[in-house]
Every structure is written in structure tokens, then in C-alpha cells.
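A.B. asks: attaching a predicted model along with its sequence, questions to come.
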Amino acid sequence: MQLAQRCKDLVEELGLAIPEKVRSVVPLTGGVASDIAVIDLGNRKICAKFALPKLKVSADWQAPVHRNAAEYAWLEAAASISPGSAVELYGRSETAHGFAMEFIEGESVYLWKDRLLAEASDNGEASGVAELLGRMHATSARASFNRAPFHNRDDFHALRIEPYLSHTRKAHPALDGHIKPLEAMLYESKRVLVHGDASPKNILFRGGAPIVLDAECATMGDACFDPSFCLNHLVLKAVHLPGSRERLLSQVDGFWQAYVAFVDWENPDTLERRVCELLPILMLARVDGKSPVEYLSDDARQMVRDVSIPLITSPAVRLNQFVERVEAHLVGESE
């Protein structure tokens, strides 16, 4: 079925409008896991999202479409835990594996990824995202939190562990003993609610507040994943943008200090060690995994390999040590 028809069916099923009120349906680009469109209803615009069974990448990457339900549940949880950083939701269709939400636009709205790549000044974005993730993790670790919608570790395996860790391990057999134990840990853990895709491409800012979207990987899991996944993008952009390198790497500490203030479910030092173990694996995965970042040159990709592999085989135990080692390598490469 064509995307336009699916959108018309969705707004009708959810009672948002009759199909004849749909003026236009405009697909949005950038994502690989879903079909997303802006629906013009005349008096307002809304956004529709439908999960895809095969992701739009060159590798064969399959994923269950019922993950759309977990994403919607994560967005509902965010609205409850941090209303200022939430998107308005209009309903979900179980049969269409899709949902409707507000279309976020306005003069104060920008995508964090665009701002980073434009080498814009830091407005505290990293700390703001860290606070939101920390608050979500801390709340979900409590016994009163409803975990029922988030027993999705098999989906998380299909969307994150296999394409990022397993695929990368197979491309680098010498790292098997370092990566495989983390695969098992990430699969078995169920301590906090993990977003799973806390990437700058999925984070809008509106009025200075972060709005994290695209929670298709949401599951009860290990708290190390979200900070590692987000920090990875700061480090990769530091490789890509030498002129902003120092500023981007300095945001790693700001992110961690904002996040760790919420960590009360385990020893923060233990969690930080796991972040230091996972982070370089995710760096390598964005070069040799199933979803490589699009902006790195061949030379930059090799630089990421050269930086990340020693950090995988001999991990740092503190993020400030991690940053020091990254900086030392990048300075050496540039001389």
C-alpha cells in the first residue's frame, strides 16, 4: 500500500480526520527503519510513522514491525517523566504498526545533528540530553515503574546487538573475546529503560529543551548503552571536524557529569567502566557495522579504526582517560 493511503487510513482509524481532509502527504527522509511522513490536515500538520520489516540499508537487516508499540510506549513514558521534553501523541494503530504525533516545527526548533555538523557554538545540548536520559533511567529503575511494554530484548538484539556488535565482531575476529561478552551482557540486562537510539539525528531542540524521538529499540536493558551511543556521535564528529575537535571532546565530560547525577541504581564508577568498554566498540561499529555513518571520509574511517581498536583491547576505566587517549591519537595523526 502506498504511504499516502496508509496515512489517510491512519488518521481515519485514530479519529483525527476523514481521509478527504488530508491535503497532502510528504515523506520525510533520513531514517532507515521506518516510513515517516508529514500529513497536512489544513488546520494543522501531524507526523505519521510506520515501522518497516526491512531497514533501508545495503546490508540485509530485518526487524519486527511490532517494535512500533515499544517506541510509542517510550514516548508516553517520556511525556510522563519529563513533560518539557516530550512530543504530543495522537494515537497508535496496532494493525498498521504506525502512530501519529505532532509535527515539530518553529523558529526555536533545530536538529542537534545539523547543529553539530555546522560547527555551531555549544548551547548545552549534550548536558540537556544527558539529564533527560538520566531522569528516564533513574525513574525506570524504580520498582513502581511499569515495565510491561518493554520486555523487548529480542527486538533490541535484532536492531542493536547484531548489527552493531555481532556484525563488527565478525569483521574483526581478533576482537571476538572483547566484544562477545558485552553482547551477552546487553542482551541479559533489564535494569533500566533503554532508548537505544539516542543519536543527534533523532534529537530535536525546542525552546532549549531536548526532544528525543525514534525509540524503536526501546527495551529494559543496561544503562551503559544510551550514554555510549550518544557520546559515540560526539567522538565521531570530533574525528570528522578537526576545527571543533577540542570543543566536541570537552562535551563528553559535561554529558557524563549531567547524567551521573541521576545514577542511584548502581555504583556510578562501575557504570562508567562499562561505558568505556562499549563506547569504542560502537565507534568501530559506525565504520564496519551494518549502519556506517555517512559523513566520514575513507581516511577518517581508518582513523576511527586506529583510535577505537586499542581502546577495545585495553579499555579506559574513566571517560576523562578515554578522551585523553582519543586526543593523543588524533593529535599524533595530524602531526
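C.D. replies: All right, it came through fine. On a predicted model such as this, the values are computed, not experimentally measured, just so you know. Numbers count the residues shown, from 1 in each chain.
A.B. asks: the stretch 101-250 of the chain: strands as residue ranges?
C.D. replies: Using DSSP state E, counting those that start in this stretch, the strands of the stretch 101-250 of the chain run over 109-111, 192-194, 203-206, 209-212, 219-221.
A.B. asks: what sits against the residue nearest to the spatial centre of the chain?
C.D. replies: Taking C-alpha atoms, centre = their mean as the criterion, residue 197 is the residue nearest the geometric centre of the chain, at 1.8 Å. Contacts for residue 197 (C-beta atoms under 8 Å, 6 or more residues apart in numbering) come out as 214-217, 229. For glycine as for every other residue, the C-beta is placed from the backbone atoms N, C-alpha and C.
A.B. asks: quick one: pLDDT of it?
C.D. replies: At residue 197, the model reports a pLDDT of 95.
A.B. asks: show me which helix runs longest in this protein.
C.D. replies: Counting by DSSP state H, the longest helix found in the chain is helix 268-288.
A.B. asks: so what secondary structure elements neighbour that one?
C.D. replies: helix 167-171, helix 176-188, helix 225-240, helix 245-260, helix 298-313, helix 319-334 (3 or more C-beta pairs under 8 Å, 6 or more residues apart in numbering; DSSP states H and E).
A.B. asks: centre of the chain to the fifth one, how far?
C.D. replies: What that stands for is helix 298-313. Centre-to-centre, helix 298-313 and its host chain are 21 Å apart (C-alpha atoms, centre = their mean, to the nearest Å).
A.B. asks: just the buried residues of that helix, please?
C.D. replies: Residues 300-301, 303-304, 307-309, 311-312 are the ones in helix 298-313 that count as buried (16 or more other C-beta atoms under 10 Å).
A.B. asks: could you chop this structure up by domain?
C.D. replies: Per the record, the chain has its domains at 1-103, 105-335, by automatic domain parsing.
A.B. asks: which one of the contacts of residue 197 sits closest to residue 319?
C.D. replies: Nearest to residue 319 among these: residue 229, at 14.2 Å, using C-beta to C-beta.
A.B. asks: now that closest one: closest residue in space that isn't a chain neighbour?
C.D. replies: With sequence-adjacent residues excluded and distances taken as C-beta to C-beta, 6 or more residues apart in numbering, residue 229 is closest to residue 198, at 5.3 Å.
A.B. asks: same check, this time on residue 316
C.D. replies: residue 322 (4.0 Å).
A.B. asks: surely the one you found is in contact with residue 278?
C.D. replies: No - between residue 322 and residue 278 there is no contact under C-beta atoms under 8 Å: 11.0 Å.
A.B. asks: more neighbours, those two?
C.D. replies: residue 278 (27 against 24; other C-beta atoms under 10 Å).
A.B. asks: give me the mean pLDDT for stretch 110-121.
C.D. replies: Stretch 110-121 carries an average pLDDT of 95.
A.B. asks: what's the first-to-last distance across that stretch?
C.D. replies: Using C-alpha to C-alpha, to the nearest Å, the end-to-end distance of stretch 110-121 comes out at 13 Å.
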